[in-house]
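Got a predicted structure plus its sequence, pasted below:
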Protein chains: 2
Amino acid sequence: METVKTMTANPLSAAVHWNDQGLVPAIAQDWQTGEVLMMAWMNPESLALTVAEGRAIYWSRSRQALWRKGESSGNVQLLKELRLDCDGDTLLLRVEQVGDIACHTGRRRCFYQCWQDDNWQVTDEILKSPDELYGPPQ
Amino acid sequence: METVKTMTANPLSAAVHWNDQGLVPAIAQDWQTGEVLMMAWMNPESLALTVAEGRAIYWSRSRQALWRKGESSGNVQLLKELRLDCDGDTLLLRVEQVGDIACHTGRRRCFYQCWQDDNWQVTDEILKSPDELYGPPQ
């Protein structure tokens, strides 16, 4: 707990309005194409580590653990720019997406469903199968 | 309540994983420049109205009411594309930002603070004062 307290006193974390779970949404955008790749969550520790290591490190709500994006697949996100919004409750990361795949389904981005003709249509192709990305299921 | 139930049965809402407050984050991105303008929240009704009216309509958590973006300032967001992510828990709207101002501070986008030199620096200028946007405080 001491670590988190120290980090919250840091201006990096102090300006952020953490929600009642101590988290903030973080949008990852390709720094060159402007494509929005994904949205995930950060806690004070993951935000501090993201800045310190220069790569996106999120907080996994399902695993309740730090999520070093790309640690299994190698598709890390190198931090190029970090922004905060007017209310201090959303972060925007401009990143270099190594491997050109941000989504666990093997697509370039997570936003691969588009509302068209009264249905959600899959518009983006799978570039690499999850088996290739993460190895076959154990 | 009946209205919301009907909408949830609609494929538009059924694919969305609403959080425990019945909301989902919605990212607004300029459809031409790719700039990420803001992030807000939607409930099933605001999502259905966004599609029906072809403009961004959010749910204001502070006011607990529908928030027709631009209703006071005129700076509405015309919907060009609506996307959903792999987990169904984040929406991405590509919009035409009328008036070129998305932020209530009078800046083009809400993400006007950038982490530089160990501090959050304001990098974007105010294009129009809030008084001009909304009229002087009552």
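Everything's here; your move. Because the structure is a prediction, the values reported are computed rather than measured. Residues are numbered from 1 along each chain as shown, chains lettered A, B, ... in the order given.

which residue does chain A bring closest to chain B?
Proximity of chain A to chain B (C-beta to the nearest C-beta) peaks at residue A:34, 2.6 Å away. For glycine as for every other residue, the C-beta is placed from the backbone atoms N, C-alpha and C.

Tell me who's in contact with the closest residue to that residue other than its chain neighbours.
The shortest distance from residue A:34 to any non-neighbouring residue, by C-beta to C-beta, 6 or more residues apart in numbering or on different chains, is to residue B:34 (2.6 Å). Each residue near residue B:34 by C-beta atoms under 8 Å, 6 or more residues apart in numbering or on different chains is listed here: A:29, A:33-35.

Likewise for residue A:124?
Contacts for residue A:124 were tallied using C-beta under 8 Å, 6+ apart; they are A:107-109, A:112.

Give me the residues contacting the helix or strand harbouring residue A:13.
Per DSSP states H and E, residue A:13 falls inside helix A:11-14. Helix A:11-14 is contacted from outside by A:7-8, A:44, A:47-48, A:51, B:115, B:118-120, using C-beta under 8 Å, 6+ apart.

farthest pair in those residues?
Checked with C-beta to C-beta, those reach their widest spread between A:44 and B:119, with 16.6 Å between them.

Checking the residue nearest to the spatial centre of chain A next. Helix, strand or coil?
Central residue of chain A (C-alpha atoms, centre = their mean): residue A:40, 4.5 Å from the mean position. Following DSSP: H, G, I helix; E, B strand; the rest coil, the label given to residue A:40 is strand.

Residue A:45 now?
What three-state DSSP gives for residue A:45 is helix.

I'd assumed residue A:66 was in contact with it.
Yes: between residue A:45 and residue A:66 there is a contact at 6.9 Å, judged by C-beta atoms under 8 Å.

shared neighbours, those two?
Listed as contacting both residue A:45 and residue A:66 by C-beta under 8 Å, 6+ apart are residue A:59.

so what's the nearest residue to residue A:41 once chain neighbours are set aside up against?
Nearest non-adjacent residue to residue A:41, counting by C-beta to C-beta, 6+ apart: residue A:23, 4.5 Å away. Counting by C-beta under 8 Å, 6+ apart, residue A:23 touches A:41-43, A:59, A:61.

can you tell me how far residue A:23 sits from residue B:29?
Counting by C-beta to C-beta, to the nearest Å, the gap from residue A:23 to residue B:29 is 22 Å.

Show the average pLDDT along stretch A:54-63.
Taken as a whole, stretch A:54-63 carries a mean pLDDT of 97.

actually stretch A:123-138, not the one I wrote
90.

mind listing the helices for chain A?
A:2-9, A:11-14, A:44-53, A:130-134 (DSSP state H).

Could you dump the ones you listed into a markdown table and include mean neighbour count?
Compiled in a markdown table, these are given as follows (neighbours: other C-beta atoms under 10 Å in any protein chain shown):
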| stretch | mean neighbour count |
| --- | --- |
| helix A:2-9 | 12 |
| helix A:11-14 | 16 |
| helix A:44-53 | 19 |
| helix A:130-134 | 14 |
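
In a markdown table: those, plus distance to residue A:70.
Formatted as a markdown table, the helices of chain A follow (distance: least, C-beta to C-beta, whole Å):
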| stretch | distance to residue A:70 |
| --- | --- |
| helix A:2-9 | 23 |
| helix A:11-14 | 22 |
| helix A:44-53 | 12 |
| helix A:130-134 | 10 |
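
do you know which of those lies nearest residue A:92?
Closest among the helices of chain A, using C-beta to C-beta: helix A:44-53, at 12.3 Å.

re the thing from before, distance of the residue nearest to residue A:34 from residue B:13?
Taking C-beta to C-beta as the measure, residue B:34 and residue B:13 are separated by 27 Å.

Ok, residue A:56 next?
For residue A:56, the distance to residue B:13 - C-beta to C-beta - is 30 Å.

next one: residue A:26
Distance of residue A:26 to residue B:13, computed by C-beta to C-beta: 25 Å.

Which of the contacts of residue B:34 has the largest number of neighbours?
residue A:29 (27 neighbours; other C-beta atoms under 10 Å in any protein chain shown).
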